[in-house]
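>>> For reference, the sequence and a predicted model appear below.
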Amino acid sequence: MLPSVRFPLFRRFTPVVLPVCVFLFCGLFFQLTRAQTPSPPPAQETPPKDDSAAKPAPAPPAADQPEVTSQDTPTTFKVRVNLVLVRVVVRDAQGKIVPNLKKEDFQLQDNKKVQSISSFSVETPESHIVRTVAAPAEPGSAGSMEFSAGKPVNLPQRFVSMVFDDLHMSMEDTAFVRYSADRFFAALAPTDRAAIYSTSGQMTQDFTPDQGALKRTLLRLIPRSAMVHDSMDCPDLNYYEADLIVNRYDAQALGVATEDTLHCAFNDDSSKAVQAQNLAQAAAFRIIGMGDGETDYGWRHIEEAMRRLAGMPGQRILLLISPGFLQTAIKVQTADLVDRATRAGIVINTIDARGLYTPDMGGDIASPANDSPLTAGYKTTYRVAAQLAQEDVLAQLADGTGGIFYHNRNDLDEAMREAGAAPAVSYLLGFSPQNLKIDGRFHTLKVTLASKEKLNIQARRGYFAPRSLADPDETSKEEIQEALFSQEEISDLPVDFQTQFFKKDQAASRLAVLTHLDVKSIHFRKAEGRNNDKLTIVTGIFDENGNFVTGGQKTLEMKLRDATYSRLTRSGLTVKSSYDVKPGRYLVRLVVRDGEGSQMAARNGAVVIPD
């Protein structure tokens, strides 16, 4: 024991410290005891608030879950990744379509690398004929699956969107085109619908069978270019020459423009060569700015016309009448338009509005006043090259979508008649590029025949790789919209449908769409003793002019027991959707998507509800 002399303070305060320590220790022990032993709530405590509405109830055991639930939900389609579609038309030496080709007859190369063709289909105008799938429902027969045999009805089968490039046409072009288009409208069939658009956006007529309305709209076709060419400009450059200088860094073109500037601005004073070159470059940039802006403005209206056409439920043809474009300004846009048109099943036929023309060898008679005599030969070469270059985009749009480019002919009325029809037979090839880099680069495509037979093969020349990964949600929305507003019949899933209607009164009806699915061909996921899958069923109702009237989407959650699954594989599954419509003629579009197997089905039908 230590001597107490070393702790005088402790010895002095011991009578006080010890009781305090004992008190603190007992208090701590009491608190720990309360923490471990829960006490009952006070007798007057308010009961806790019931927030069961805010919190979801726990999921019932798997055995108690319903087997099928249906609800309206947003689209949840999975995306078909990296699928490139190539429409091919094959003709013999006499220009006749070659039918009856098979998937194995084609070979496809992407940047000289052979690709595996993952999808193949044959398309004809007859494959898009819509037939009736409806019958009136007798009282008490709402669940009946009986309906009339499919018969052709006088509903629109062909939609032709005519786009006139009034931004680039001359007055002579417009007069020539108006006469031919007028004769084309007079020959429309009862099942045809035509629309008129212009690159200036100043002339529009939506799809209609009314020939009078179409002809009245056509009378407004006049040149509307905002880019006025003045041959007295110094230097006198056209859009093609400016493109050579600014975008292609053509030293010869810049030298010609500089020589012209020395002649018209500096009276051939060679000591002013630097100033002349600067003026020539400035003029080229100014013309490129105006030309690119006008071309981009017109191209947006072409895309708008195609988007409208893509929503039409039938055979779809875009007829572009134009003197042509320069490819440099819209190279990427051209490839993108071909890709979207192919996916939407749109054939683009193009007509050179200049008709039969000879290359412009002389140019404007006033231009020699500003052009140097030393550059006359070069200027003639550029004028001819510009006229030929304008055809490239028109040819690419037609080749890439299975259409025809009509040029160097004066019978434009006959050209329009032919261009208003889709090819008798076309082949749609699809492939998924392996290890595709997201770099935005152009990929060259080449389609050949395995037989090496000498036939004319018409197909798109290439595509651009994406520059960035697409947002899955946004891409899914686009896919469902394309599927609903397309006329393509897709048969990944065995789906059929029919319609029934109930007349409420003279002005109102109830249209029921009965979707029947062959369950045994659907891919289910086995989990917790159930067969699981999610089906998305989308319906669109269109009027006789192809306008969307109404529609809806159902999501079917299936968690089937084995006994139920076995029964449905024999009987199939039927889902009913109902819509209020007025009496009339309607086109019905059905799209079904399988969540587990990522498969799709699409069907078209027609219904006539009498007054």
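Received it, and whenever you're ready, just let me know what you need. Numbering: from 1, shown residues only.
>>> what's around Val425, how many residues?
For Val425, the count of nearby residues is 19 (other CB atoms under 10 Å). The C-beta positions use only the backbone N, C-alpha and C, and glycine is treated the same way.
>>> Quick check: nearest residue in space to it, chain neighbours excluded?
Leaving aside its chain neighbours, Val425 sits nearest to Pro99 (4.6 Å; criterion: CB to CB, 6 or more residues apart in numbering).
>>> Can you verify my assumption that the one you found contacts Ala424?
Yes. Using CB atoms under 8 Å, Pro99 is in contact with Ala424, at 7.4 Å.
>>> which SS state does the residue nearest to Val425 fall under?
Under DSSP: H, G, I helix; E, B strand; the rest coil, the three-state class of Pro99 is coil.
>>> Point out where the chain drops to low pLDDT.
1-65, 71-82, 126-155, 228-231, 356-370, 469-480, 486-488 (pLDDT under 70).
>>> Swap in 50 and give it another go.
Low-confidence segments of the chain (pLDDT under 50): 1-26, 28-57, 59, 74-81, 138-152, 364-367.
>>> domains in it, as residue ranges please.
Annotated domains of the chain cover 158-419, 489-609 [automatic domain parsing].
>>> In CSV: these, plus distance to Ala93.
Listed next are the domains of the chain as CSV, based on distance: least, CB to CB, whole Å:
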stretch, distance to Ala93
domain 158-419, 16
domain 489-609, 33
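>>> okay, those domains in JSON lines with distance to Phe106 and mean neighbour count next?
Output for the domains of the chain, formatted as JSON lines (distance: least, CB to CB, whole Å; neighbours: other CB atoms under 10 Å):
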{"stretch": "domain 158-419", "distance to Phe106": "14", "mean neighbour count": "19"}
{"stretch": "domain 489-609", "distance to Phe106": "20", "mean neighbour count": "18"}
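>>> Nearest to Asp110, out of those?
Of all the domains of the chain, the one in closest proximity to Asp110, counting by CB to CB, is domain 158-419 (13.7 Å).
>>> about what we covered before: looking at the domains of the chain, spot the one closest to Phe120.
Across the domains of the chain, Phe120 has its closest neighbour in domain 489-609 (12.7 Å, CB to CB).
>>> what's the distance between that closest one and the middle of its chain?
Counting by CA atoms, centre = their mean, to the nearest Å, domain 489-609 is centred 23 Å from the centre of its parent chain.
>>> again, but for stretch 181-199
In terms of CA atoms, centre = their mean, the gap separating the centre of stretch 181-199 from the centre of its chain is 24 Å.
>>> That stretch spans what distance, first to last residue?
Stretch 181-199 has an end-to-end distance of 16 Å (CA to CA, to the nearest Å).
>>> With stretch 557-566 instead?
End-to-end span of stretch 557-566 (CA to CA): 17 Å.
>>> which other residues reach that stretch?
The contact list for stretch 557-566 (CB atoms under 8 Å, 6 or more residues apart in numbering) reads 62, 65-71, 519, 524, 529-535, 568.
>>> So which of those residues sit within strands?
Among the contacts of stretch 557-566, DSSP state E puts Val68, Thr69, Ser70, Gln71, Arg530, Asn531, Asn532, Asp533, Lys534, Leu535 in strands.
>>> List phi and psi for the nearest residue to Phe266 once chain neighbours are set aside.
Using CB to CB, 6+ apart and skipping residues adjacent in sequence, the residue nearest Phe266 is Lys272, 4.1 Å away. Main-chain torsions, Lys272, degrees, to the nearest 10: phi -100, psi 20.
>>> so who does Gly420 touch?
Arg158, Val160, Phe184, Asp192, Ile317, Leu319, Asn349.
>>> tell me which residues form a beta bridge with the second one?
So that's Val160. Val160 has these beta-bridge partners by DSSP bridges: Ala194, Ile317.
>>> Arg193 is in contact with that one, correct?
Yes. The pair Val160 and Arg193 passes the contact test of CB under 8 Å, sitting 7.4 Å apart.
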